[in-house]
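S.K.: Quick one: sequence plus predicted model below, questions after.
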Amino acid sequence: MKTIRLTMGQALLKFLDNQYVEFDGAVNKFVKGVFTIFGHGIVVGFGEALEQYQGDMVVYQGKNEQGMAHAAIGYAKQKKRREIIACTSSIGPGALNMVTAAGTATVNRIPLLLLPGDTFACRQPDPVLQQVENPASISITANDAFKPVSRYWDRVVRPEQLMTAMINAMRVLTDPADTGAVTICLPQDVEGEAYDYPVEFFDKRVHHITRRIPTRGELERAVAKTITKKKPVLICGGGVVYSEAGNELIKFAEKFTIPFCETQAGKGATPWNHGLNLGGVGVTGGLAANKIAAEADLVIAVGTRLSDFTTASKWLFQNPDVEFLAINVNSFDAYKMNAMTVIADARETLLAFTAVLEAAGYKSAYTGEIAATKAEWDKEVDRLFSIEPANGLSQTRALGEIAKMIGDDAIVVGSAGSLPGDLQRLWRPVKPKTYHMEYGFSCMGYEVNAALGAKMAEPQQEVYAMVGDGSYLMLHSELVTSIQEGYKINVILFDNCGFGCIENLQNSKGISSFCTQTKFRDPATGRLTGPDVPISYAECAKGYGAKTYTARTVEELTTALASAKKDTVSTLIDIKVLPKTMTDGYESWWRVGVPEVSENPNVVKAHELLVQEVGKTKKF
């Protein structure tokens, strides 16, 4: 057996450089680069390999470990999970900063390879700088915190263990049904230890992303179920995007006159203006989708986790005869809501399902209600886009102006706060891969950093991070990296002076606004109820080197948007929007924990309403 003597760090990089994926006959390199923030636990081990590396993978300098990992998630999501950028860090706080990003990737089924440095495997110099010691077990380090949020976790305590660790890492990263965060911990002494690795370990390795075909039995059962139903509805989830099944979903819907609605991850897989597209569904959905879904007797869920926001906490589907049919490569997701399952690829299933259902002569019983509800909702969106308060700029009006000006090719990135609800309801994408929403984890701080990743994935397109002031303050570190690397992103910052989405939730359950507004402390009450804290986010970003604008009126906003499109450096538009001018729920409900006992009568009433609504929910 031919061997080559390398350090573990050198072998890791050489292995990553030779990983490829194949999907529908197209082969491309899987690991396109590495994000890093060097520290003592990584810089002279794996870091030496990166410094000496002469290949075509690019090393990017992150500014915050969580931020750079979110950028990597944004990149992989925009590339439909077929290319990734790995992330490496030092031990201790550097590694722990990536735990939140690991959760974000795993919940959203996005491949993320994390390579945190670790303490010494030999333990001789323990405790080392930044080491978290656990007296119950010396083998536990800070990196054990990644276990609950990783789809695969390993620690390489001998250089030869790298081989099985990385092969398993690639197995998970390239599996559509099992992908998420993969954490391979790198003890800092082992990074520099040498081993005679088999040369074949570094051969070009192609990982085939196969389309699982539905079985005959699955299709027969699906047809038997469907033909007993009169008013089915389709839910288009993220699996439709990754399977590239948008056209097949449309053809299926058209063939049998079945309306379809969208999750946050599925939005954009089909154009908003298709006659059967009812738009967003659930808690952040619109009137058309929620009305039709409430009366549906069959819900065909395609590539979706069926989260509480999609199902309105299992409350939305009020037809007593409603049943569920789930098409998903992930059996864990498919079995939700007591569904009949087809464990297979979305595109292949829709193609086969269309053929067998057509042979059965099926047609839904819908007449004019689909067009009527869609027209009603389109009119409501137009109204929201035109709202013009006398004392300032509304959030929905700002979104309407942005939508008119940025173009159909522009990519919008979002994650947390009130904007995901407004965007799922109001945004009107006509081209695929232009709506980039992380709403599985709804991670504050994802927006700006993932916008960099999306821009790295699609450098020819304009990318807009749609972010509230709360999320922006949480994390926007890679705005600096975008400027450093010359990847222009546009940060559209909606400043309503606080956490408006959560304040609305607070108020809706009978609780006064408390700790959800960005205000000075009032010395008289001791609470944060004084004047607003005046922050110029434009001035802050200007200090980074971004081109910045402030908008308080429609005219200032449109001028800023027009100018930002011409700028060649990253931009930030600080939009001062009026609080409480976002959209509200449209015939939906969301279950949150309301106190059963309170001195506040409004809270008691809210709990009574909770009990009533829980009684209307599905129990599975």
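M.R.: Arrived safely. Numbers count the residues shown, from 1 in each chain.
S.K.: mind listing the helices for the stretch 401-550 of the chain?
M.R.: 419-426, 446-457, 469-474, 478-485, 500-508, 537-544 (DSSP state H, counting those that start in this stretch).
S.K.: Could you do the stretch 1-150 of the chain as well?
M.R.: Counting by DSSP H, counting those that start in this stretch, the helices of the stretch 1-150 of the chain are 8-16, 46-52, 65-78, 93-96, 99-107.
S.K.: Looking at these, spot the one closest to Ala564.
M.R.: Set against Ala564 and scored by C-beta to C-beta, those come closest in helix 65-78, at 19.7 Å. The C-beta positions use only the backbone N, C-alpha and C, and glycine is treated the same way.
S.K.: By residue count, which helix of the protein is the longest?
M.R.: Looking across the chain with DSSP state H, the single longest helix is helix 369-386.
S.K.: avg pLDDT for it?
M.R.: Average pLDDT, helix 369-386: 97.
S.K.: now swap in stretch 507-525 and tell me
M.R.: Per-residue scores along stretch 507-525 average to 92.
S.K.: Can you list phi and psi of the spatially most central residue of the chain for me?
M.R.: Geometric centre of the chain, nearest residue: Glu438, 2.1 Å, by C-alpha atoms, centre = their mean. Main-chain torsions, Glu438, degrees, to the nearest 10: phi -100, psi 100.
S.K.: Strands along the stretch 1-150 of the chain, start to end?
M.R.: 3-7, 19-23, 26-29, 31-36, 58-61, 84-89, 112-118 (DSSP state E, counting those that start in this stretch).
S.K.: coming back round to it: excluding its backbone neighbours, what's nearest the residue nearest to the centre of the chain?
M.R.: Ser415 (4.4 Å; C-beta to C-beta, 6 or more residues apart in numbering).
S.K.: Hmm, that neighbour is touching Ala450, no?
M.R.: Yes: assessed by C-beta atoms under 8 Å, Ser415 is found in contact with Ala450 at 7.3 Å.
S.K.: out of those two, which sits in the busier spot?
M.R.: Ranked by neighbour count (other C-beta atoms under 10 Å), Ser415 and Ala450 place Ala450 first, with 34 against 30.
S.K.: Just the pLDDT for that one.
M.R.: Looking at Ala450, its pLDDT stands at 98.
S.K.: Quick check: which ranges of the stretch 401-550 of the chain have low pLDDT?
M.R.: The model of the stretch 401-550 of the chain has no residue with pLDDT under 70.
S.K.: ok, now the chain?
M.R.: Ranges of the chain meeting pLDDT under 70: none found.
S.K.: domain assignment for it?
M.R.: Listed by automatic domain parsing, the domain ranges of the chain are 3-208, 216-373, 387-497+533-576.
S.K.: where's stretch 571-582 relative to the chain centroid, distance-wise?
M.R.: The chain centroid and the centroid of stretch 571-582 are separated by 22 Å, computed with C-alpha atoms, centre = their mean, to the nearest Å.
S.K.: Distance-wise, check Gln264 relative to Tyr435.
M.R.: 9 Å (C-beta to C-beta, to the nearest Å).
S.K.: Those two - which one has more neighbours?
M.R.: Neighbours were tallied for Gln264 and for Tyr435 using other C-beta under 10 Å; the higher tally belongs to Gln264 (31 against 24).
S.K.: quick one on the thing from earlier: run the angle between the longest helix of the chain and helix 419-426 for me.
M.R.: 130 degrees (axes from the mean of the first three to the mean of the last three C-alpha atoms, to 10 degrees).
S.K.: which parts of helix 369-386 are buried?
M.R.: Ile370, Thr373, Lys374, Trp377, Asp378, Glu380, Val381, Leu384, Phe385 (16 or more other C-beta atoms under 10 Å).
S.K.: quick one on the thing from earlier: shared neighbours of Ser415 and Ala450, anything?
M.R.: Each of Glu438 lies in contact with both Ser415 and Ala450 under the rule C-beta atoms under 8 Å, 6 or more residues apart in numbering.
S.K.: what's the longest helix of the chain in contact with?
M.R.: 257, 259, 275-279, 286-289, 291-292, 396-397, 399-401, 403, 425-426, 428, 583.
S.K.: Now, of the residues you listed, which are buried?
M.R.: 259, 276-279, 286-289, 291-292, 396-397, 399-401, 403, 425-426, 428, 583.
S.K.: mind listing what Leu493 touches?
M.R.: Val467, Gly468, Asp469, Tyr472, Tyr537, Leu572, Ile573, Asp574, Ile575.
S.K.: ok, of those, which one's closest to Pro198?
M.R.: Val467 (47.6 Å).
S.K.: Quick check: closest non-adjacent residue to the closest one.
M.R.: Closest to Val467 by C-beta to C-beta, 6+ apart is Glu447, at 4.0 Å.
S.K.: burial measure for that neighbour, as a count.
M.R.: The burial count for Glu447: 34, using other C-beta under 10 Å.
S.K.: Report the separation between it and Val149.
M.R.: 20 Å.
S.K.: same deal with Tyr335?
M.R.: Distance from Tyr335 to Val149, by C-beta to C-beta: 22 Å.
S.K.: Now do the phi/psi pair for Cys261.
M.R.: According to degrees, to the nearest 10, Cys261 has phi -130, psi 170.
S.K.: who's it bridged to?
M.R.: Beta bridges link Cys261 to Ile235 when assigned by DSSP bridges.
S.K.: Quick check: it touching Thr284?
M.R.: No: if you go by C-beta under 8 Å, Cys261 and Thr284 don't touch, sitting 11.7 Å apart.
S.K.: Ala121 touches Pro187, doesn't it?
M.R.: Yes: with contacts counted by C-beta under 8 Å, Ala121 reaches Pro187, the gap being 3.9 Å.
S.K.: His436 is in contact with Gln78, isn't it?
M.R.: Yes: under the contact definition of C-beta under 8 Å, His436 touches Gln78, with a separation of 6.3 Å.
S.K.: more neighbours, the two?
M.R.: It is His436, of His436 and Gln78, that has more neighbours when counted by other C-beta under 10 Å, with 28 against 23.
S.K.: which residues sit in contact with that one?
M.R.: By C-beta under 8 Å, 6+ apart, the neighbours of His436 are Gly74, Lys77, Gln78, Ile411, Val412, Val413, Gly414, Ala450, Ala454.
S.K.: could you redo the last one with a cut-off of 10 Å?
M.R.: Contacts for His436 (C-beta atoms under 10 Å, 6 or more residues apart in numbering) come out as 74, 77-78, 264-265, 267-268, 411-415, 447, 450-451, 453-454, 457-458, 463-466.
S.K.: before we move on, what about Val199?
M.R.: Per C-beta under 10 Å, 6+ apart, neighbours of Val199: Met1, Lys2, Thr3, Ile4.
S.K.: looking at the residues you listed, which has the most residues close by?
M.R.: Neighbour max across the contacts of Val199 (other C-beta under 10 Å) = Ile4, 14 neighbours.
S.K.: Compute the distance between it and Ala560, please.
M.R.: Ile4 is 55 Å from Ala560, by C-beta to C-beta.
S.K.: And Gly285, which helix or strand is it part of?
M.R.: Using DSSP states H and E, Gly285 falls within no helix or strand.
S.K.: about what we covered before: so which of the buried ones among the contacts of helix 369-386 sit within helices?
M.R.: Checked against DSSP H, the buried ones among the contacts of helix 369-386 include these in helices: 287-289, 291-292, 396-397, 399-401, 403, 425-426.
S.K.: Select, from the residues you listed, the two members most distant in space.
M.R.: Ile292 and Glu401 (29.6 Å).
S.K.: Can you name the residues that contact Ala105?
M.R.: 69-70, 72-73, 76-77, 84, 98, 111-114, 149-151, 179-182, 438, 440-441, 443.
S.K.: residue ranges for the strands of the stretch 151-300 of the chain, please.
M.R.: Going by DSSP E, counting those that start in this stretch, the stretch 151-300 of the chain shows strands at 152-155, 181-187, 194-198, 205-208, 232-236, 260-262, 277-280, 298-302.
S.K.: Could I get those in TSV, plus columns for distance to Ile511?
M.R.: Output for those, formatted as TSV (distance: least, C-beta to C-beta, whole Å):
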stretch	distance to Ile511
strand 152-155	39
strand 181-187	35
strand 194-198	60
strand 205-208	50
strand 232-236	33
strand 260-262	32
strand 277-280	27
strand 298-302	34
